[in-house]
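> just coords:
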């Protein structure tokens, strides 16, 4: 999963990137529209416990890819900005960081910048839809089946563009599942899962200010500079420092948790003497999809899965005890993976 960190210049987004990833980006790459990439392990005490029992040669947590992008000046056009927006479309989710810490920064000012950036996203999306509409209208003669599919697509895009222009947003437009699938193919920015981060000077406390709660109830508050300082502390000092500030968890843990919530992600595990590993899928994915996350051959040749829950493992203490108590189940390809499942995939090496 790729998470883009974006926002206006000097909003503190790169400071947050440093706090989350522990990386210090090369200043020479700070203006690269492709962004700077950092991999962040997903903290999971369940995997730690599994490894402590199995004592594998490798302990491999799930990882998220965070990408720090150059600053986006709301309302300002240009080729470089178009390049950044194109790259943002490739992300699975966005962290949008705004200045609520400087002399001119405040929650209200941060939200005003957010509204402008949302309009930039909308105009960029409308431009993409417009180009596709123009292409569909001017297309050469095609086979009847293709013509019918493109006619339905043209009707959909015309309707979506018209409603978005009238309402000033792509949100809330009613779509059938097939229509939603077509629209998702454009990787539009406006509907992309996003988390607004208000970067404040001091450790935030209390509830969201009313102006934020009313306009952006899902926003979170933090101090990126303080979080960076916390990330640079030795691990032995980090806990007491957080406790003294009244902060429950460091930004790296919080951002990972928020991304999992945004995208509806869950974790499953594979275990053994060679490796204990956490894998990420979306809630509602079936076991064949999970097998494919491990290796495409496992999905192609899937026969069945042996499944038990981490909770059973924790309760009984070992895989042998789980098996002895009859807690290991055999599931077919329609099984929906649950958070905390421990899977063993049985497959045909020759594929299907």
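Looks like it came in fine. Nothing here was measured: the structure is a model prediction, and the numbers come from that model.

> From now on I want contacts and neighbour counts done on CA atoms only, so please keep to that.
Noted.

> Contacts only, for the most centrally placed residue in the chain.
The chain has residue 93 as the residue nearest its centroid, 4.1 Å off, counting by C-alpha atoms, centre = their mean. Going by C-alpha atoms under 8 Å, 6 or more residues apart in numbering, residue 93 touches 2, 3, 4, 192, 193, 194, 259, 262, 263.

> gap between the third one and residue 81?
It refers to residue 4. Counting by C-alpha to C-alpha, to the nearest Å, the separation of residue 4 from residue 81 is 15 Å.

> where does the stretch 51-200 of the chain have low pLDDT?
Residues of the stretch 51-200 of the chain that meet the criterion pLDDT under 70 lie in 140-145.

> Can you pull out the residues in contact with stretch 169-183?
Residues from elsewhere that reach stretch 169-183, judged by C-alpha under 8 Å, 6+ apart: 122, 153, 156, 160, 163, 164, 190, 191.

> how does it look with 7 Å?
Defining contact as C-alpha atoms under 7 Å, 6 or more residues apart in numbering, one finds that stretch 169-183 is touched by 122, 164, 190, 191.

> now the end-to-end length of it.
14 Å.

> Buried ones in that stretch, by neighbour count?
Buried residues in stretch 169-183, counted by 16 or more other C-alpha atoms under 10 Å: 169, 170, 183.

> same check, this time on stretch 220-235
220, 221, 222, 223, 224, 225, 226, 227, 228, 230, 231.

> Just the local confidence number for the first one, please.
As summarised for this prediction, residue 220 has a pLDDT of 90.

> Neighbours of the residue lying closest to it once chain neighbours are set aside, how many?
Once flanking residues are discounted, residue 220 sits nearest to residue 197: 5.1 Å by C-alpha to C-alpha, 6 or more residues apart in numbering. Residues contacting residue 197 under the criterion other C-alpha atoms under 10 Å number 27.

> wait, is residue 197 part of a strand?
Yes: counting by DSSP: H, G, I helix; E, B strand; the rest coil, residue 197 falls inside a strand.

> so it makes contact with residue 99?
No: between residue 197 and residue 99 there is no contact under C-alpha atoms under 7 Å: 8.9 Å.

> Can you point out the buried residues in the helix or strand residue 19 falls within?
Following DSSP states H and E, one finds residue 19 within helix 13-21. Neighbour-count burial for helix 13-21, counted by 16+ other C-alpha under 10 Å, picks out 13, 14, 15, 16, 17, 18, 19, 20, 21.

> got the contact list for the last one?
Contact analysis of residue 21 by C-alpha under 7 Å, 6+ apart lists 38, 39, 40.

> now swap in the fifth one and tell me
The neighbourhood of residue 17, defined by C-alpha under 7 Å, 6+ apart, consists of residue 68.

> Let me see the confidence value for it.
For residue 17, pLDDT reads 95.

> Check the gap between it and residue 186 for me.
From residue 17 to residue 186 the distance is 27 Å (C-alpha to C-alpha).

> Also the last one?
Applying C-alpha to C-alpha, one obtains 29 Å for the distance of residue 21 from residue 186.

> The second one too?
According to C-alpha to C-alpha, residue 14 stands 28 Å off from residue 186.

> for this structure, what's the longest helix?
If you go by DSSP state H, the chain has its longest helix at helix 107-137.

> buried ones in that one?
107, 110-111, 113-114, 117-126, 129, 132-133.

> Which neighbouring elements make contact with that helix?
On a contact count with 3 or more C-alpha pairs under 7 Å, 6 or more residues apart in numbering; DSSP states H and E, helix 107-137 meets strand 93-100, helix 144-167.

> tally of neighbours for the closest residue to residue 70 other than its chain neighbours?
Distances taken as C-alpha to C-alpha, 6+ apart put residue 31 closest to residue 70, at 5.4 Å, once the chain neighbours are dropped. By other C-alpha under 10 Å, the residues close to residue 31 number 14.

> Next step: the buried residues of stretch 169-183 restricted to helices.
Counting by DSSP H, those place residue 183 in helices.

> Tell me the one of the buried residues of stretch 169-183 nearest residue 215?
Nearest to residue 215 among the buried residues of stretch 169-183: residue 169, at 14.4 Å, using C-alpha to C-alpha.

> Phi, psi for the closest one please.
phi -160, psi 150 (degrees, to the nearest 10).

> So it versus residue 7, what's the distance?
Distance from residue 169 to residue 7, by C-alpha to C-alpha: 19 Å.

> Give me the below-cutoff pLDDT ranges for the stretch 201-350 of the chain.
In the stretch 201-350 of the chain, residues with pLDDT under 70: 205-206, 350.
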